[in-house]
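A.B. asks: Provided below are the primary sequence and the corresponding predicted coordinates.
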Amino acid sequence: MKVMVFSNDGNSSRHVADRLTKKLTSTGFIMESERPDVVISVGGDGTLLSAFHKYATQLDHIRFIGVHTGHLGFYTDWRDFEVEDLVVALQEDMGQSISYPLLEVKIKYADTGETQRQLALNEVTLRRYAATLRTDVYIKENFFESFRGDGLCVSTPTGSTAYSKSIGGAVLHPQLDAMQLTEIASINNRVYRTLSSPVILPSNEWLLLKPSKTSDYVVTIDQFTSKDRPIAEMQFKIAKERIQFARYRHTYFWDRVEDAFIGSKHEI
Ligand code: NAP
């Protein structure tokens, strides 16, 4: 098995990554950065996002593992003090994996007419800061609403606990094949009207945004931001690719949610 250890720049993550690399090498694993079988991210959920984007063109054969150097995360099943247990699990690997949906966005630019396709693990947002974002929203071929406000966010099920949750989105179980559209500060009055609640779409439907003719847009794809290009349209679908995690043990999803957002179990 060829393994890549991908760490963030923090001291504690680099220290854990060094320890893990030494342990893996001494137990016979081959360290490989170009075409690994398993990518182990060491840091937080944000580090796993970076590892995902680095290897987004190799999703057909890579399995990911997340080691968190803080609390337990959503993409990170292992804690930094469990490095030895993780190496044993890798030695006993039988190819176990679990996969989760990704979001595909196709952005057609109004200046050149080119279309760029990208994948997101958490979410894609379209925003405008200097003035109100105006965009028509279609579901499949059908006009749905005219949005006015700060922006729109389309998230994956695993991204539903990230930015989407902060703007009032629902938490989706990661095994649902779905995407969620969430509004960011929509204007609603007698003149302008949107649904004003998150919308969850199945995998056989898609979303199309046709924003007004201006160029001061901000587009975010997970941790990446691009600015100031005129956008003709953005199409969102559940991607045909999925992210695969090597799963050697199972943390019940709702326990993870409870631990991250509520913190202590108090029954009445
Ligand atoms: P960051 O600003 O350094 O970190 C944002 C926080 O989001 C971190 O605490 C990170 O956890 C957490 N996070 C990332 N993915 C998550 C997920 N799927 N479920 C629950 N929490 C998650 O940014 P970053 O590390 O580069 O990550 C980019 C992501 O941050 C974006 O995709 C967006 O979802 C999120 N974000 C959220 C807000 C907000 O909620 N207001 C604002 C900006 C960005 P770790 O500490 O484990 O890395």
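C.D. replies: It's in.

A.B. asks: Quick check, pLDDT for residue 267.
C.D. replies: On pLDDT, residue 267 comes in at 68.

A.B. asks: Revised request: answer the last question for residue 104.
C.D. replies: The model's pLDDT for residue 104 equals 98.

A.B. asks: what about it, neighbour count?
C.D. replies: 19 (other C-beta atoms under 10 Å). C-betas here are computed from N, CA, C, even on glycine.

A.B. asks: Ramachandran coordinates for it?
C.D. replies: Dihedral pair for residue 104: phi -100, psi 130, per degrees, to the nearest 10.

A.B. asks: ok, now how distant is it from the ligand?
C.D. replies: Distance of residue 104 to the ligand, computed by C-beta to the nearest ligand atom, to the nearest Å: 16 Å.

A.B. asks: quick check, residue 49 in a helix?
C.D. replies: Yes - assessed with DSSP: H, G, I helix; E, B strand; the rest coil, residue 49 lies in a helix.

A.B. asks: Does it touch residue 121 like I think?
C.D. replies: Yes - with contact defined as C-beta atoms under 8 Å, residue 49 counts as touching residue 121 (5.7 Å).

A.B. asks: Have a look at the two and say which one is more surrounded.
C.D. replies: Ranked by neighbour count (other C-beta under 10 Å), residue 49 and residue 121 place residue 121 first, with 26 against 22.

A.B. asks: ok so, going back, any common contacting residues for residue 49 and residue 121?
C.D. replies: 75, 222 (C-beta atoms under 8 Å, 6 or more residues apart in numbering).

A.B. asks: who in this structure is up against the ligand?
C.D. replies: 44-46, 49, 73-74, 122-123, 158-159, 161-163, 166, 222-223 (C-beta under 6 Å from any ligand atom).

A.B. asks: Is the closest residue to the ligand within the chain in a helix, a strand, or coil?
C.D. replies: Residue of the chain nearest the ligand, by C-beta to the nearest ligand atom: residue 46 (2.0 Å). Under three-state DSSP, residue 46 falls in the helix class.

A.B. asks: gap between it and residue 204?
C.D. replies: Per C-beta to C-beta, to the nearest Å, residue 46 is found 31 Å from residue 204.

A.B. asks: Have a look at those two and say which one is more surrounded.
C.D. replies: Taking neighbours as other C-beta under 10 Å, residue 46 and residue 204 compare with residue 46 leading, 16 against 9.
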